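*Asks:* A structural model of the following input is requested.
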Amino acid sequence: MLNKRSISIESLQSKSNIDTEGKDTEKDIIRRLIEEERSKLSNEFISINSNIITKKLLSMDTYKNAEDIYIYMNFGAEVITENIVIDALKSNKKVAIPKITENNMEFYYIRGINDTMPGLWRNTRTYECRRGFSCSS
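*Replies:* Next up is the predicted model:
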């Protein structure tokens, strides 16, 4: 399980099933190793900690005073962001989520959670504006 201490690539590699002998950059290797460790987290752990993070964020003056929010839609063992998005939309904030196209990340404003659908980028899921919705960049 991940914790706050520094972790070396070598120590992660020794605990991992990931083959690091290919052409991947160090960043690619680190990303996959962290994703592997994160995937070991229980749903309960993710839910409890996501609620803590959400409560802290929603109580911050920076969030309360923001007119626009740029945020990802979670997938897998990532921090659950749906309640943040819902709160921001209910608070009449403009909410933008990323869409990955080729090697670019573009943000699109959504009107509601239903303006999103699963999309794929490097074996991880992002959300993007549905075709036919009036999402704007």
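*Asks:* C-alpha from now on. contacts and neighbour counts both.
*Replies:* Will do.
*Asks:* domain assignment for this protein?
*Replies:* Using automatic domain parsing, the domain ranges for the chain come out as 9-38, 43-129.
*Asks:* Turn those into a markdown table, columns for mean neighbour count and mean pLDDT.
*Replies:* Listed next are the domains of the chain as a markdown table, based on neighbours: other CA atoms under 10 Å; pLDDT from 0 to 100:
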| stretch | mean neighbour count | mean pLDDT |
| --- | --- | --- |
| domain 9-38 | 13 | 71 |
| domain 43-129 | 15 | 83 |
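*Asks:* Now do the SS call for the residue nearest to Y72 when sequence neighbours are not counted.
*Replies:* Nearest residue to Y72, sequence neighbours excluded (CA to CA, 6 or more residues apart in numbering): I97, at 5.4 Å. Assigned with DSSP: H, G, I helix; E, B strand; the rest coil, I97 falls in the strand class.
*Asks:* check contacts around M105.
*Replies:* P98, K99 (CA atoms under 8 Å, 6 or more residues apart in numbering).
*Asks:* tell me the SS of it?
*Replies:* Assigned state for M105: strand (three-state reduction, three-state DSSP).
*Asks:* Give the bridge partners for it, please.
*Replies:* Taking DSSP bridges as the rule, M105 bridges to I100.
*Asks:* What strand or helix carries Y109?
*Replies:* Assigned by DSSP states H and E, Y109 falls within strand 104-110.
*Asks:* Please write out the alpha-carbon positions of that strand in PDB.
*Replies:* Only the C-alpha atoms of strand 104-110 are listed here, as PDB (Å, rounded to 0.1, in the frame of the first residue of the first chain):
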ATOM      1  CA  ASN A 104      -3.300  16.700 -26.300                       C
ATOM      2  CA  MET A 105      -5.500  17.300 -23.300                       C
ATOM      3  CA  GLU A 106      -8.400  19.700 -23.800                       C
ATOM      4  CA  PHE A 107     -10.900  20.800 -21.200                       C
ATOM      5  CA  TYR A 108     -14.600  21.000 -22.000                       C
ATOM      6  CA  TYR A 109     -17.300  22.600 -19.900                       C
ATOM      7  CA  ILE A 110     -20.200  20.400 -18.900                       C
END
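*Asks:* I'm done for today, thanks for sticking with me.
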